[in-house]
Each structure stands twice: as structure tokens, then as C-alpha cells.
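Student: here's my sequence, what's the structure:
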Amino acid sequence: MSKRISTAAYQALRNALPVIVWYKRSFKQYLHAALRDHLELLHGINFDSSKREVSDELVERLIRNENAYQDVTLRLMLEIANLNKFPELERHEDSDQLIQKARAAVDELREQTAGHEQLIVERERIAAERAAYTQQAELQRRFADELDELKQDFYRLTAMNDQRQQRGREFEEFLHRLFNIFDLEPRLSYVVRWEQIDGAFSFDTDDYILEAKWTSSPIEVKEATHFADKVREKGKNALGLLISMGGFSAGTIEKYSRRTPFMTMDATDIICVLDQRARLDDLLRRKKRHANETGECYFPAGKLFE
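Tutor: A predicted model of the protein is given here:
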């Protein structure tokens, strides 16, 4: 603790507690509500005793256990110090005298706790920051674990040389999971007007259609042009992402080096993301920027580190 509660503040709390309400039942209800998260502080207290005796016992417990209950005590003090109405006392036949006594006790408590309110605010800020940091660390850990699982799955797919059709189907599912981790709203393969679309996703307010090929040979101009035509037939804001594990031929890169409706991604790009050397969304954003600035479809992840 950076600052202890003064003896005068404890005494002011001891004096204020029994005079802010009149009936013992109301007094008990008030304390149970105010200390509802720490009812152990009230355990064993005899509420049939006078309000003064109950207050004395409670304050003694708070003093003895200040290390554990300082924040609880300060919140109770500040709550009472901010009271300005006493409905139960207002209905009493001696209301003027009782309210005057209650106001004097509350005013004294307010004076003794001046400056402590900022301490509570600062502690709550620190606690909130600590909780946010812990939550963020946990999210990052889970994120890293999910990427690591995908990485293992990716290398399993690379070993399926004798099951190419099966690998192609599983590769689409792999990409769906990868894009989902980065909140890119992926959609699995679908058919529109008898045309097969491998997938789709949304990113930075743009909609993309996706085509993914896992072949040993690079994508040639004819295949790339077929995909480009698919993209152009969609909405005017539609863009494309062409993924090829076999890379892209020099002719394809040259063909779409001045004006392109799609971006490209290859095995090196995916490995870079799985190794957590680059985020998928950052890489896509950089690829799009490059395509917009130069007209080129090809921007390998390696250029991010040049």
C-alpha cells in the first residue's frame, strides 16, 4: 500500500455508520448491500446489538485487516461521504435533530477522506490496465497456438503428394481457417451461375473472391486470365486473390504487371504468415497498396523485410 488510511478517517467512519439510518433492520440491510462482495466482514457480528456496537466491531475488523480490505474500506467511506439525503431520518419525529447529526458525521468523514478518492480512481485504472494486458496476452497466446496448429496442418498437406484431390479440398478448408483467424469473414467454395468459386472474404471494406491451386507447376497466363475474367464479372468493387502453391510463371507476372484485378499469394507468403513473421491482414494490405500504386499483381512477402 502506498498510503494508509488515517486513524481519524476510521473514527469518522465509526461515527457516521450508526447515524445515517434509524432502524437496525435498515442498518443491517445497508451494510450487507455495501459489503456484498465481502460478506465475510459481517460474519459473526451480532446485529441485535446497538448500531454503535456493530459499527465498532466492523471498523475494528477493517483496521486489523487493512492490507486486505483497504480498497473496500475506502469505497465504503466514500459512499457514505457522498450521502446528501437520509430518507429514513426524514420520516422520524425528531428528523431535524437526527439529520443534523447525520450531516455533521458525513461532513467529517468527507473531510477525513479528501484525497482518497483519487487513490481509488488510480487503483481502478491500474487494475483495468492490468486486466486488459492479461486479456490481450491470453488472446495473443491463443492466436499463436491456432497459427501453430495451422502450421502443422499445412506441412501435413505438403506431404499428401499421392492424394492431390483430397489435398485440394483440405487446402480450401485450411485457408478458410487461416482467414477466419484474422477476422476476414471468409466464405467456403460456392457456385454462382454454374461457375465454381473457391471462396470469398472481406477486407478493409472490399470484397474479394479467392482461387487457390495446389499444383507443382506455376500458374500460367491462361489460368490467371480466366481468374481475372471471373473477378471483372463481379461487382465493380470486387477484387481477387489468386493463391498458388506452385508460384506464378514469369509470363503471368509480366502479363499482370501494369494493370491487374487481383493480387497473388504463394507458399512463401503463407509460410511467412504461419511463422508469424507477418500478419496476414498486413500482408494483404501491402499487396493491395502495391497493386494500386504499380498495377502489378505480384508482391512477395519477402519485400516487407527489405
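
Student: can you give me the helices in the stretch 151-300 of the chain?
Tutor: 164-181, 221-233, 250-255, 267-274, 280-294 (DSSP state H, counting those that start in this stretch).

Student: okay, those helices in JSON lines with mean pLDDT, mean neighbour count and distance to residue 146 next?
Tutor: Backbone N, C-alpha and C define where each C-beta goes, glycine included. Formatted as JSON lines, the helices of the stretch 151-300 of the chain follow (pLDDT from 0 to 100; neighbours: other CB atoms under 10 Å; distance: least, CB to CB, whole Å):
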{"stretch": "helix 164-181", "mean pLDDT": "89", "mean neighbour count": "16", "distance to residue 146": "5"}
{"stretch": "helix 221-233", "mean pLDDT": "91", "mean neighbour count": "16", "distance to residue 146": "29"}
{"stretch": "helix 250-255", "mean pLDDT": "95", "mean neighbour count": "16", "distance to residue 146": "32"}
{"stretch": "helix 267-274", "mean pLDDT": "95", "mean neighbour count": "18", "distance to residue 146": "11"}
{"stretch": "helix 280-294", "mean pLDDT": "94", "mean neighbour count": "17", "distance to residue 146": "12"}
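
Student: between those helices, which one is nearest to residue 98?
Tutor: helix 164-181 (63.8 Å; CB to CB).

Student: by contact count, what packs against the closest one?
Tutor: Using 3 or more CB pairs under 8 Å, 6 or more residues apart in numbering; DSSP states H and E, the elements in contact with helix 164-181 are helix 116-158, strand 199-203, strand 206-213, helix 280-294.

Student: try 10 Å this time
Tutor: On a contact count with 3 or more CB pairs under 10 Å, 6 or more residues apart in numbering; DSSP states H and E, helix 164-181 meets helix 116-158, strand 199-203, strand 206-213, strand 238-244, helix 267-274, helix 280-294.

Student: now render those as JSON lines, adding distance to residue 92.
Tutor: Shown next, in JSON lines, are these (distance: least, CB to CB, whole Å):
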{"stretch": "helix 116-158", "distance to residue 92": "30"}
{"stretch": "strand 199-203", "distance to residue 92": "66"}
{"stretch": "strand 206-213", "distance to residue 92": "70"}
{"stretch": "strand 238-244", "distance to residue 92": "75"}
{"stretch": "helix 267-274", "distance to residue 92": "72"}
{"stretch": "helix 280-294", "distance to residue 92": "66"}
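
Student: which residues does residue 150 contact?
Tutor: With contact set as CB atoms under 10 Å, 6 or more residues apart in numbering, residue 150 has these partners: 174-175, 177-178, 181, 270, 273-274.

Student: which one of these is nearest residue 52?
Tutor: Nearest to residue 52, judged by CB to CB, of the contacts of residue 150 is residue 181 at 61.7 Å.

Student: circling back to that earlier point, looking at the helices and strands packed on helix 164-181, which is nearest to residue 260?
Tutor: helix 280-294 (5.7 Å).

Student: what average pLDDT does stretch 126-134 get?
Tutor: When pLDDT is averaged over stretch 126-134, the result is 82.

Student: residues touching that stretch, excluding its own?
Tutor: With contact meaning CB under 10 Å, 6+ apart, stretch 126-134 is reached by residue 71.

Student: equivalent analysis for stretch 273-285, please.
Tutor: Defining contact as CB under 10 Å, 6+ apart, one finds that stretch 273-285 is touched by 143-144, 147-155, 178-179, 181-184, 201, 203-204, 206, 208, 239, 241, 263, 265, 269-272, 286, 299-302, 304-305.

Student: do stretch 156-166 as well
Tutor: By CB under 10 Å, 6+ apart, the residues outside stretch 156-166 that reach it are 167-171, 173-174, 214-216, 245, 267.

Student: looking at these, which two lie furthest apart in space?
Tutor: 173 and 216 (20.9 Å).

Student: so where's the chain shaky on pLDDT?
Tutor: Within the chain, the set of residues satisfying pLDDT under 70 comprises 1-2, 115, 117-120, 122-123, 189-196, 235-236.

Student: would you mind measuring from the residue lying farthest from the centre of it to residue 185?
Tutor: If you look at how far each residue of the chain sits from its centre, by CA atoms, centre = their mean, the farthest one is residue 93, at 54.7 Å. Residue 93 is 69 Å from residue 185, where distance means CB to CB, to the nearest Å.

Student: same check on residue 47?
Tutor: 58 Å.

Student: and what of residue 209?
Tutor: Residue 209 is 13 Å from residue 185, by CB to CB.

Student: who has more neighbours out of those two?
Tutor: Higher neighbour count among residue 209 and residue 185: residue 209, with 24 against 13, using other CB atoms under 10 Å.
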